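Participant: what would the 3D arrangement of this be:
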Amino acid sequence: VQVLTRANCPLRQPMPQDGPMQATDLRGYYAASAPPAPPRLALRGNVTADVCVVGAGFTGLAAALELAKAGAKTIVLESQSVAFAASGRNGGQIHTGLRKDQDELEAWLGPVHAHDLWNLTEESKALLRSHVAEYGIDCALKSGLVIAAHNDAALNALTADTEHLAAHYGYTEARMLDAGETARALGTNAYPGARMDMGGGHLHPLAYARGMANAAEQAGAIIHEHSRALAYEEDGNRVIVKTAHGSVTAGKLILACDAFCGEIAPQLAPYIGHVESFIIATQPLSDALNESVLPCDAAVADTRHVLDYYRKSADQRMLFAGRESYWNIPKDVAALVGPRMRHVFPQLAKSKIQFGWHGTVGITRTRMPHMGQLSPRVLFAHGYSGQGVALANIGGKLMAEAALGNSERFNVFARVPAQKFPGGQILRKPLITAALLWFKLMDAL
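Facilitator: Residues are numbered from 1 along each chain as shown. Okay, here's the model as predicted:
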């Protein structure tokens, strides 16, 4: 896999020419094409704040922005750099709803709670788009998300869900496509049908996160990079968060570390599963290929448990993710994901793969976001299970509201029952691995 050698990306010029790429070392296409980020100093010494936010991904940045706008002195601690983990490495897809369909949620939680969750997920998409518009974030935001059925049973379920959303939630942004319409929209005959959702969409995630960081700082938040939160302790009416070279004493603490929340709060570890996701990016497609491959220019996710998801970038590359790892991290991402891309799009057989990267996704046993409080002063949100591009924004906003004294909306998510992964500290990872491999086997049936 080679890094990009053409300087034609609209988000950043020129791209680096560093020779052979090590997929496990470099951050891939997003880091090469995003606007440059200003350096941010590590925390040195002991400081005070109204709220300390741990994690500068989508959740932490959304929380910091809301807090700073409300006048709260806000300090963000980031162990690496802004959006270094999943927020800067994901598929950039904006999904509607949650991983569970609304009829499932109604049966599980009751219709009132299910409707309240739906309203917040719809707000999450609107919030993201308002951030882009209000702060002028250049992140190639586009509308359109296709959910592609991988078999007839999945197509029937997708049709029923689409009809349910229209009838009971008034959601009219989605419509079903038959096999012919799907083939024309996507440029592949791999699916018996699909749902086109114009309420969904896609963007350049790292560019969005860097824009959010700038907006939060302009509002008054302070972001310290390379400042890993090592531990925290509560002392009366304050929380003290310690780093290698300093500490933050604050009235409230927000944990926005997603898959890594368990490192600072071990009591959350049983609720967090780690899945490694892999993405490749081709060279810019020729005009002919660009017209034949994904001509609708929407993002696509299929209905498998171990799904394919893909989209085209602003400079006409195919960005394709089609494999997951639960144990070892393969060194050759192109060899892992490339065959899936070529299976879906045989016309890309000769397209050069120029980037390959991976990121850790936090999942929950219920596939629902896990939000709550460890104490009256410590809030957390994690486990968006692959749909965090939109949901993390509302997660951050809701935690900010709760930290400022209004937890009513935050509790809509906090009331969702969470389930621990089985196995304890030693056996949890092998058992999660076995379960996910079972789902992968079921996808093939």
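Participant: from T249, how far out is the residue lying farthest from the centre of the chain?
Facilitator: Among residues of the chain, the one most distant from the C-alpha centroid is G236; the distance is 35.1 Å, by Cα atoms, centre = their mean. Distance of G236 to T249, computed by Cβ to Cβ, to the nearest Å: 11 Å. C-beta coordinates here come from the backbone N, C-alpha and C atoms, glycine included.
Participant: now N119
Facilitator: Where T249 is concerned, N119 sits at a distance of 36 Å (Cβ to Cβ).
Participant: all the strands of the stretch 1-150 of the chain, residue numbers only.
Facilitator: Applying DSSP state E, counting those that start in this stretch to the stretch 1-150 of the chain gives strands spanning 45-54, 74-77, 93-94, 142-149.
Participant: revised request: answer the last question for the stretch 201-350 of the chain.
Facilitator: Going by DSSP E, counting those that start in this stretch, the stretch 201-350 of the chain shows strands at 222-224, 231-235, 238-243, 246-255, 273-282, 299-302, 309-312, 318-325.
Participant: and those strands, which one is worst for confidence?
Facilitator: Among those, strand 318-325 carries the lowest mean pLDDT, at a mean of 83.
Participant: who's in contact with Q267?
Facilitator: L374 (Cβ atoms under 8 Å, 6 or more residues apart in numbering).
Participant: 10 Å instead?
Facilitator: 261, 374, 380 (Cβ atoms under 10 Å, 6 or more residues apart in numbering).
Participant: repeat for L177
Facilitator: Applying Cβ under 10 Å, 6+ apart, the residues near L177 are 146-149, 155, 183-186, 191, 193-196, 296.
Participant: that one pairs with what?
Facilitator: A194 (DSSP bridges).
Participant: please report the distance of H245 from R238.
Facilitator: Distance of H245 to R238, computed by Cβ to Cβ: 20 Å.
Participant: scratch that, N90
Facilitator: 34 Å.
Participant: what does Y208 give?
Facilitator: 33 Å.
Participant: hmm, back to that, of all the strands of the stretch 1-150 of the chain, which one is nearest Y309?
Facilitator: Ranking the strands of the stretch 1-150 of the chain by proximity to Y309 (Cβ to Cβ) places strand 93-94 first, at 6.1 Å.
Participant: so which elements touch that closest one?
Facilitator: The contact analysis (3 or more Cβ pairs under 10 Å, 6 or more residues apart in numbering; DSSP states H and E) places strand 93-94 against helix 111-135, strand 142-149, strand 193-202, strand 299-302, strand 309-312, helix 388-403.
Participant: tabulate these in a markdown table, adding columns for distance to P36 and mean neighbour count.
Facilitator: Formatted as a markdown table, those follow (distance: least, Cβ to Cβ, whole Å; neighbours: other Cβ atoms under 10 Å):
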| stretch | distance to P36 | mean neighbour count |
| --- | --- | --- |
| helix 111-135 | 17 | 17 |
| strand 142-149 | 23 | 23 |
| strand 193-202 | 22 | 23 |
| strand 299-302 | 26 | 25 |
| strand 309-312 | 23 | 26 |
| helix 388-403 | 22 | 27 |
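Participant: right, so of the ones you listed, which gets closest to R228?
Facilitator: helix 388-403 (19.8 Å).
Participant: that older thread, ok, Y208 and R238, which is more surrounded?
Facilitator: Y208 (28 against 14; other Cβ atoms under 10 Å).
Participant: identify the residue nearest that one in space, chain neighbours excluded?
Facilitator: Sequence neighbours aside, C139 is the residue nearest to Y208 in space, at 4.0 Å (criterion: Cβ to Cβ, 6 or more residues apart in numbering).
Participant: likewise for E173?
Facilitator: Closest to E173 by Cβ to Cβ, 6+ apart is G199, at 3.5 Å.
Participant: could you list the low-confidence segments of this protein?
Facilitator: 1-27, 323-328, 424-445 (pLDDT under 70).
Participant: at the geometric centre of it, which residue sits there?
Facilitator: Closest to where the C-alpha atoms of the chain average out (Cα atoms, centre = their mean) is G388, at 3.4 Å.
Participant: show me the contacts for that one.
Facilitator: G388 is in contact with 57-59, 86-87, 90, 93, 95, 124, 205, 258, 361-362, 369, 381-382, 395, counting by Cβ under 10 Å, 6+ apart.
Participant: let's see that with 7 Å instead.
Facilitator: G388 makes contact with 58, 86, according to Cβ atoms under 7 Å, 6 or more residues apart in numbering.
Participant: quick one: contacts of the helix or strand containing D161?
Facilitator: Taking DSSP states H and E as the definition, D161 sits inside helix 152-169. Residues outside helix 152-169 that contact it (Cβ under 7 Å, 6+ apart) are 101-103, 118, 147, 149, 171-172, 174, 176, 192-193, 195, 303.
Participant: what does stretch 293-301 give?
Facilitator: 93, 142, 144-148, 185-187, 196, 200-202, 285, 307, 309-312, 318, 345, 347-348.
Participant: only alpha carbons, please: show that stretch as PDB.
Facilitator: Provided in PDB are the C-alpha atoms of stretch 293-301 (Å, rounded to 0.1, in the frame of the first residue of the first chain):
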ATOM      1  CA  VAL A 293     -19.200   3.000  -9.000                       C
ATOM      2  CA  LEU A 294     -21.700   4.300  -6.500                       C
ATOM      3  CA  PRO A 295     -23.100   6.900  -8.900                       C
ATOM      4  CA  CYS A 296     -25.600   8.100  -6.300                       C
ATOM      5  CA  ASP A 297     -22.700   9.300  -4.100                       C
ATOM      6  CA  ALA A 298     -24.400   8.200  -0.900                       C
ATOM      7  CA  ALA A 299     -22.700   6.200   1.900                       C
ATOM      8  CA  VAL A 300     -23.600   2.500   2.000                       C
ATOM      9  CA  ALA A 301     -23.800   0.000   4.800                       C
END
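Participant: identify each buried residue in stretch 372-386, please.
Facilitator: Along stretch 372-386, these residues count as buried under the neighbour rule (16 or more other Cβ atoms under 10 Å): 372, 374, 377-386.
Participant: and of the residues you listed, the nearest to P36?
Facilitator: Nearest member of the buried residues of stretch 372-386 to P36, counting by Cβ to Cβ, is Y384, at 27.3 Å.
Participant: contacting residues for the closest residue to A402 other than its chain neighbours?
Facilitator: Nearest in space to A402, with sequence neighbours left out and distances taken as Cβ to Cβ, 6+ apart, is F410 at 4.0 Å. F410 makes contacts with 371, 398-399, 401-402, as judged by Cβ under 7 Å, 6+ apart.
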